[in-house]
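In: predicted model and sequence below, questions to follow.
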Amino acid sequence: MIIDKGNRLFKLLLSTFFAKVFVSFGGILLSISIGNFYNAEILGDFFIFQLSAITVGVIVSLGMNETLVLFCSKNKNEIRISSFFNLSILLSFSLLSIFSLLFFLYDFNDFPESYSVLFHNKFYFIVSSFFCTFNLLLAGFMRGIKKPAYSVLLENGAVSILCIVILFTSKFILKQDVLNIALMYCLATFSIAFIGFFNLKSGNKVYLRKPYNNEIRSFLKTNNYFFIMVICGLVSTSIISLYLGYILDNESVALFRVIQQVAMLISFSIIILNSAMPAHISGLFRDKSLKNIESLSLFTSKYATLISLPIYIISIFYCVEIMKLFNVDISGNTHLFIILATAQLFNVSTGSVASILKMCGFEVELSKVIILTNVICLILLFALAPKLGVLGAIIASSSILILQNAASLYLVKTKLDISAAFYIRKNDL
């Protein structure tokens with residue numbers, strides 16, 4: 001499959017690339033700024049507050065951000081797809097309202113001091129959770145209507161960029177020596193939600209009719225499987241870090257998250273591709289173009305790996321110097337980064353394998369794989385982290401990337417009879 005300048009997918013990838021470049025380094029720059037202007041403990045506080053708000057948003061959204069991608073990309077000329085988005089908002093905000101009441105009433109005396117940033121800033125945390133939820137759902141909607149660049153600008157990287165603006169304003173203009181990270185994050189999430197709300201009208205076209213009741217039921221049924229996927233996805237993005245904060249301290253959280261952030265630079269290419277691919281894959285599967293899906297997958301696997309390999313090599317050789325930018329020292333512990341970086345490179349080499357399964361109707365099979373691999377990860381985490389600390393968390397996190405992608409490659413081969421990765425030949429597996 002040749003992708004040239006006149007191809008719509010090429011334009012989507014190009015716009016998504018520039019948007020992703022703009023926001024992807026936001027989280028890294030924010031971590032560098034907090035780590036250097038303050039210390040690793042404050043950086044750990046920020047990670048706990050940020051990850052907790054995102055975790056709540058992911059849970060109450062019930063995976064509907066992913067379901068929106070699938071349903072908004074199918075039968076687009078027949079259904080008023082905004083109805084799916086409105087339903088998602090209604091259900092998610094209802095659940096979040098119940099959670100907010102329970103959160104305000106809960107006594108946090110049993111929690112360790114590392115979580116004090118949450119129970120000292122309950123109001124800011126709840127407000128941030130609402131805005132995180134809205135941004136998450138709107139990002140899924142935008143990907144579904146094939147506007148991945150808009151979706152990227154609603155992600156957490158854009159929030160981080162606004163946090164940097166607020167941080168610099170507080171530090172150098174207002175001359176504030178104490179950083180209220182809760183207020184900073186709350187203002188940033190509000191700003192992104194505010195911008196996204198006004199962009200919604202321009203991206204939300206009116207179609208011929210509202211979905212029928214059976215289509216709504218199908219949406220909710222399909223959503224069950226996506227909910228399992230996104231809940232399991234929290235293990236690598238949030239649960240591991242929050243557990244480290246519970247059994248160790250905020251500085252351990254900062255160390256793990258910084259290693260994770262830098263390692264994710266290796267997967268930068270596949271993240272960009274996967275922002276634009278799902279809706280396109282869904283359309284190809286609807287047209288029964290399995291050959292084009294295979295060509296697309298091989299393209300993403302091969303070229304994403306070629307882009308990521310130099311980043312992997314450079315980051316391995318200069319990981320100590322890179323970590324010092326965050327005011328984090330891993331001298332003598334470079335193996336922590338090497339393990340996770342290698343797992344990320346394997347993740348890149350598998351291409352858009354998970355997106356293929358989700359968009360081609362094999363979300364049940366994929367959800368089973370995700371559940372199994374995340375259970376293995378949690379077993380490793382609870383067994384190794386208390387004894388090995390951050391190393392145990394790194395091993396657990398790497399296990400998800402390797403096992404989940406390997407199993408997904410096998411599923412794509414057996415269910416669709418196509419090769420998803422460039423190093424798998426037609427007769428392999």
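Out: Everything's here; your move. These numbers were taken from a predicted model, which means no experiment stands behind them.
In: where does the stretch 101-250 of the chain have low pLDDT?
Out: Counting by pLDDT under 70, the stretch 101-250 of the chain contains low-confidence ranges at 108, 146-153, 174-179, 200-215, 235-236.
In: again, 90 this time
Out: Scanning the stretch 101-250 of the chain for pLDDT under 90 picks out the ranges 102-122, 132, 134-184, 191-250.
In: show me where the stretch 301-429 of the chain has its helices.
Out: Under the criterion DSSP state H, counting those that start in this stretch, helices of the stretch 301-429 of the chain are mapped to 319-324, 334-349, 353-359, 363-388, 390-416.
In: before we move on, what about the stretch 151-300 of the chain?
Out: Ranges of helices within the stretch 151-300 of the chain are 156-168, 181-203, 213-234, 240-247, 250-264, 268-286, 290-317, based on DSSP H, counting those that start in this stretch.
In: which one of those helices is the most hemmed in?
Out: helix 250-264 (a mean of 24; mean count of other CB atoms under 10 Å). Placement of C-beta: from N, CA and C, glycine included.
In: other residues contacting that one?
Out: For helix 250-264, contacts defined as CB atoms under 8 Å, 6 or more residues apart in numbering pick out 27-28, 31, 35, 40-41, 43-45, 47-48, 114, 240-242, 244-245, 271, 315, 319, 322-323, 326, 328, 330, 336-337, 340-341, 343-344, 389-390, 393-394, 397.
In: one step back: by mean pLDDT, show me the worst of the helices of the stretch 301-429 of the chain.
Out: Set side by side, those give their lowest mean pLDDT on helix 353-359, at a mean of 81.
In: can I get it in PDB? Just the C-alpha atoms.
Out: The C-alpha trace of helix 353-359 is given here as PDB (Å, rounded to 0.1, in the frame of the first residue of the first chain):
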ATOM      1  CA  VAL A 353      -1.700  -5.000  16.100                       C
ATOM      2  CA  ALA A 354      -4.100  -4.100  19.000                       C
ATOM      3  CA  SER A 355      -6.000  -1.500  16.800                       C
ATOM      4  CA  ILE A 356      -6.500  -4.200  14.200                       C
ATOM      5  CA  LEU A 357      -8.100  -6.600  16.700                       C
ATOM      6  CA  LYS A 358     -10.300  -3.800  18.200                       C
ATOM      7  CA  MET A 359     -11.500  -2.400  14.900                       C
END
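In: just checking, what packs against that helix?
Out: Where contact means 3 or more CB pairs under 8 Å, 6 or more residues apart in numbering; DSSP states H and E, helix 353-359 is packed against helix 64-73, helix 268-286, helix 290-317, helix 363-388, helix 390-416.
In: mind putting those helices in JSON lines, distance to Ile216 included?
Out: JSON lines is the format used below for those (distance: least, CB to CB, whole Å):
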{"stretch": "helix 64-73", "distance to Ile216": "10"}
{"stretch": "helix 268-286", "distance to Ile216": "19"}
{"stretch": "helix 290-317", "distance to Ile216": "28"}
{"stretch": "helix 363-388", "distance to Ile216": "18"}
{"stretch": "helix 390-416", "distance to Ile216": "27"}
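In: which one of those lies nearest to Val165?
Out: helix 268-286 (22.8 Å; CB to CB).
In: closest one to Ala53 among the helices and strands packed on helix 353-359?
Out: helix 64-73 (15.3 Å).
In: elements contacting that closest one?
Out: For helix 64-73, the helices and strands in contact under the criterion 3+ CB pairs under 8 Å, 6+ apart are helix 82-105, helix 122-144, helix 213-234, helix 268-286, helix 353-359.
In: how about the helices of the stretch 151-300 of the chain in TSV, adding distance to Val58?
Out: Listed next are the helices of the stretch 151-300 of the chain as TSV, based on distance: least, CB to CB, whole Å:
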stretch	distance to Val58
helix 156-168	11
helix 181-203	14
helix 213-234	5
helix 240-247	13
helix 250-264	17
helix 268-286	17
helix 290-317	25
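In: which one of those lies nearest to Phe125?
Out: helix 181-203 (6.6 Å).
In: angle of the closest one against helix 82-105?
Out: Angle, helix 181-203 to helix 82-105, by axes from the mean of the first three to the mean of the last three CA atoms, to 10 degrees: 170 degrees.
In: and helix 181-203 with helix 122-144, angle?
Out: For helix 181-203 against helix 122-144, the angle by the same axes, to 10 degrees is 30 degrees.
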